[in-house]
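Show me how the following folds:
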Amino acid sequence: MSDWDFLYEMNERGYSPEEIADAAGSGAAPWEWEHIAKQEIKTEWEQLKKLRDTGQISRKEFKIRKAQIFR
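Residues are numbered from 1 along each chain as shown. Alright, predicted model coming up:
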């Protein structure tokens, strides 16, 4: 199975040529974006905790950035 088979699946599901072209440009199907967004938030959160735990940012800065991640 090819990494690009999702484009054929999108066509079968009735997505427009423009939507398929957008997906080809991004490399991900529309139904994958929610998972991708959650993974990005998780990665940002882990990086922020590491900055806090190593003393690279203040407690105040940690709280500000935490609020931005989870808004």
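
Hmm, Ala23 is touching Pro30, no?
Yes. Ala23 lies in contact with Pro30 (Cβ atoms under 8 Å); the separation is 6.6 Å. Where you see a C-beta, it was placed from the backbone N, CA and C, and this is true even at glycine.

what pLDDT does Met1 get?
Per-residue confidence (pLDDT) for Met1: 53.

next one: Trp45
Note on Trp45: pLDDT of 97.

burial measure for it, as a count.
By the criterion of other Cβ atoms under 10 Å, Trp45 has 14 neighbours.

Over to Met10?
20.

ok, back up a step: touching both of Ala23 and Pro30, which residues are there?
Counting by Cβ atoms under 8 Å, 6 or more residues apart in numbering, the residues touching both Ala23 and Pro30 are 10, 15.

neighbour-wise, which of those two wins?
It is Ala23, of Ala23 and Pro30, that has more neighbours when counted by other Cβ under 10 Å, with 21 against 15.

State which helix of this structure is the longest.
Using DSSP state H to define each element, the chain has its longest helix at helix 33-53.

Leaving out chain neighbours, which residue sits closest to Asn11?
Leaving out its chain neighbours, the residue that sits closest to Asn11 by Cβ to Cβ, 6 or more residues apart in numbering is Ile20, at 6.2 Å.

tilt between the host helix or strand of the one you found and helix 33-53?
Take DSSP states H and E as the rule and Ile20 turns out to sit in helix 17-26. Helix 17-26 and helix 33-53 are oriented at 30 degrees to each other (axes from the mean of the first three to the mean of the last three Cα atoms, to 10 degrees).

packing partners for helix 17-26?
Judged by 3 or more Cβ pairs under 8 Å, 6 or more residues apart in numbering; DSSP states H and E, helix 17-26 is in contact with helix 5-12.

residues in contact with the helix it packs on?
19-20, 23-24, 28-30, 32.

With pLDDT and distance to Leu7 added, can I get the residues you listed in CSV?
Putting the contacts of helix 5-12 into CSV (pLDDT from 0 to 100; distance: Cβ to Cβ, whole Å) gives the following:
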residue, pLDDT, distance to Leu7
Glu19, 95, 10
Ile20, 96, 6
Ala23, 95, 6
Ala24, 95, 6
Ala28, 93, 11
Ala29, 93, 8
Pro30, 94, 11
Glu32, 94, 12
